[in-house]
Every structure is written in structure tokens, then in C-alpha cells.
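Peer 1: Need the 3D shape of this:
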Amino acid sequence: MKRRTWLFLVLPVVLSAAISCRPAAATKTISFVGVQDGQSRYRSMGLNIGYAGYWFPQFHAGTAGGGVSDRPTHENDHSVVSPLSVRVARLPLLQKLTRALRASLGATFGNLLWYALLAGAASLLFYVLFPRFFRRRRIADADPSRQQVSREIFHSLRSLAIFGLVAAGVVLAALSGWTRIYINDDRYGWPWFITSIVLIILLHDAYFYWTHRLMHHPRLFRRMHHTHHLSTSPTPWAAYAFSPAEALVQAGIGPLIVFTIPTHPAAFGLFMLWQISFNVMGHCGHELFPRGFVTSPAGRLLNTTTHHALHHEKFRTNFGLYFNVWDRLIGTNHPEYEVRFDRAHGVMPATGADGDVGPKHLQVTQPQARTKK
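Peer 2: The predicted structure follows:
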């Protein structure tokens, strides 16, 4: 990549930093109920992760103006109190729509914040600050162009806007009492809060694998998934580079989660942070896991950057997101996955005429033994 592309890498980071530097008063504090000795104790989690505070800004102790209180109705009443209760469902439709719109904007900027920070940091690290150092870990042959980076950012910003619209629908459903989102509920404590995040990640991994495979069907690929595969050598900015149709499919995990799993907004926010972090890593174009990782027990469970890079190159294999379980069970791992991973670590390199050892000189097939002259 030419150095003049640094503007496309730095500007989104500056934008995200400006967003994150909003006044402290805007930080939303979420109360969470823990059950101990049969009594409810309210604990402040103090989370501001782009989702919880924006989605439900009205959930504060003693909310005024007809809002939803997160405390029991009576001092000695320790029964289950759900913020998404009948009182919420009775909010005027206009008020629900207003709050859903605010949530949509908040979710969009929250997503933009993490996308810009993580993708921007990875791009600066690999392509601007230390390109020669990380060259040895480069996976693909081709280097990304300025036009490619611009295209990836444009498509990702469009996807973020679509994610925000889906978030508005989810919040409207939550304010109508149709989802399993909870704020304060004596049935759920810290054990479930942590367990729910694990379940959400497992659900998303399965959802991604099968919807991903479906979008590779010949009748759907060009209409839905072709935009993402325009980058055969993706950069971190390709994390959300989807067509509008695929963006809707990707955003569909949100409604599926909140309609099936009791979910605290903070748990959903932490899941989103995990999701974008892993997504950026998968598209960064440089192998980050240590040598020998793919043959270890952890490597047989987790996917690597090489795994997804091969998918962008070959199209017909490596459909998984976080875990390598589905690809192993269904037999869709690329047969040269381990070989390509090793070559990203300099194992069996083919040295070019200039003495450089890098992806441009690496062949996919096993190198033949040289004959002595």
C-alpha cells in the first residue's frame, strides 16, 4: 500500500476519538441486580460501551417524566421487577418511536467508534508504522490499493447505518415488552450475565456459518455476498464491507438474540466488542497467532487470520467466524490451511531474487526440492 493512503487510515481514528471524548455526563450507568442472601442488591456497573447506555438511556434510578424506574415499587418489595414491564408497554407510541430513534443513533455511533478505533489501529500498525516488520506475517500475495481501502470504508459505513435501523426496531420491540431484554431481575445475577455472553457468542458463530454458506449459493452470491468478496486481499476496514442485503442478514443476529436469550444490554455490548475485535483481526491480512497454533488444542477450536484470508482467496472453503468447529464437522476447511498458516511464519519460504521473504514469493503448493547444478 502506498504511504499516501495514510489519510484513509488516520481520519476515521480521529473521528472516533472525537466521538469518544464526549462529556462525562453522557456516560450511562447501568444498574444490575445481584441476588445475595435472598435480598436484591443494586450494583453499578458503570458501563459505556456504545450499546447499553444508548439503547436504554431511560433506565436510571428514579426516572422522571413517566419513565421506567429500576427500583422496586415499595421499599420492602423484593419481588421481580422488570424494567421492560407493563408500564413500558403502555408508553405512548410516539415516545417509543422517539426513544427507538435515539437508540438507533446511539448504536450507530457506538458501532462506528469501535470499528474506527480497532480497524484504524490495526491499519496504522500494519501498513503505516511498522510495515516492514509485519511484512513477514503477511498472508496474501497482493497488497491492498487506495481504491480498495476507500471502497471498504464506504461499504462499512453503509452497513453501520443499516445496523442502526435494525437496532431501532429491536429497541421498539423491547419497549413494547416483546423481547427478553432485562435490566433488573432477581432471577438473573452475575453467573447468568457471564453465561449469556458465552451463549450469544456460540449462537452467533452457528448463525454466521450457516447464513454465510447460504449466501455462497450461486443464486444468492452476486446479489448478497459479492460486495464483501471484492476484497480478495482484505484490510481491517473490510470488517463491515457488506451489500445492503448482507448487512441486514448480519444484523439479524441481534433480534435473534434478544428474542431467545435473556440478555442484559451490557452483555450485548460486550458481545459486540468481541465481535468487531475478532472481525477486524480476521481481515487484517497478517497472521497474529504464534507459530504452531493451528495444531494445538486451542488452534483446533479458534479460527485464525489465515483461515479467513484463505476464504477471501478461494471463496468455497473456510466459512466459520470465531471457531473452527463447524468447518471441521462439515469438512469445509481448506486443505492447505495449515500449510498457509506455517508460511505466514516463514516456514519453508521461497526466497525471491531480491532476497526478500514474503507473500509475493510464497507459493500455495509444497515447494519442490532444488536440484544441484
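
Peer 1: Quickly note the distance from H345 to I197.
Peer 2: 32 Å (CB to CB, to the nearest Å). In short, each C-beta sits where N, CA and C put it, glycine included.

Peer 1: Looking at those two, which has the bigger crowd around it?
Peer 2: Neighbours were counted for H345 and for I197 using other CB atoms under 10 Å; I197 has more, 20 against 17.

Peer 1: next structured bit after the helix or strand where that one lies?
Peer 2: Using DSSP states H and E, the element containing I197 is helix 190-215. Beyond helix 190-215 on the C-terminal side, the first helix or strand identified by DSSP H and E is helix 218-220.

Peer 1: Check which helices and strands the following helix or strand past that next one sits against.
Peer 2: As assigned by DSSP H and E, the chain's next helix or strand after helix 218-220 is helix 244-251. Here helix 244-251 touches helix 146-175, helix 190-215, going by 3 or more CB pairs under 8 Å, 6 or more residues apart in numbering; DSSP states H and E.

Peer 1: Switch those helices over to CSV; also include distance to H308 and mean pLDDT.
Peer 2: Shown next, in CSV, are those (distance: least, CB to CB, whole Å; pLDDT from 0 to 100):
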stretch, distance to H308, mean pLDDT
helix 146-175, 14, 96
helix 190-215, 11, 97
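
Peer 1: Give me whichever of the ones you listed is most buried.
Peer 2: Neighbour counts (mean count of other CB atoms under 10 Å) averaged over each of those peak at helix 146-175, with a mean of 20.

Peer 1: other SSEs contacting that one?
Peer 2: If you count contacts as 3+ CB pairs under 8 Å, 6+ apart, helix 146-175 packs onto helix 6-20, helix 52-55, helix 93-123, helix 244-251, helix 253-260.

Peer 1: one more time with 10 Å
Peer 2: Packed against helix 146-175, as judged by 3 or more CB pairs under 10 Å, 6 or more residues apart in numbering; DSSP states H and E, are the following elements: helix 6-20, helix 52-55, helix 86-89, helix 93-123, helix 244-251, helix 253-260, helix 265-282.

Peer 1: For L302, find the nearest of those.
Peer 2: Closest approach to L302 among the helices and strands packed on helix 146-175 is made by helix 265-282 (9.1 Å; CB to CB).

Peer 1: wait, what's in contact with the closest residue to P262 other than its chain neighbours?
Peer 2: Leaving aside its sequence neighbours, P262 sits nearest to R180 (CB to CB, 6 or more residues apart in numbering; 4.7 Å). By CB atoms under 10 Å, 6 or more residues apart in numbering, the contact list for R180 reads L84, A174, S196, I257, V258, F259, T260, I261, P262, T263.

Peer 1: what angle do the helix holding I197 and helix 244-251 make?
Peer 2: Taking axes from the mean of the first three to the mean of the last three CA atoms, to 10 degrees, one finds helix 190-215 and helix 244-251 inclined to each other by 150 degrees.

Peer 1: For helix 190-215, which helices and strands make contact with it?
Peer 2: So helix 190-215, by 3+ CB pairs under 10 Å, 6+ apart, packs with strand 31-36, helix 244-251, helix 253-260, helix 265-282, helix 325-330.

Peer 1: quick one: average confidence on the last one?
Peer 2: When you say that, I think you mean helix 325-330. Here helix 325-330 scores 96 as its mean pLDDT.

Peer 1: about what we covered before: distance of the residue nearest to P262 from E313?
Peer 2: 40 Å.

Peer 1: ok, now F242?
Peer 2: 19 Å.

Peer 1: Please say which of those two ends up with more neighbours.
Peer 2: F242 (24 against 20).

Peer 1: if I pick the more buried one, what's in contact with it?
Peer 2: Taking CB under 10 Å, 6+ apart, we find F242 in contact with 155-156, 158-159, 162-163, 215, 224-225, 227-228, 248-251.

Peer 1: Under the pLDDT cut-off, which ranges of the stretch 201-350 of the chain? List them.
Peer 2: Scanning the stretch 201-350 of the chain for pLDDT under 70 picks out 348-350.
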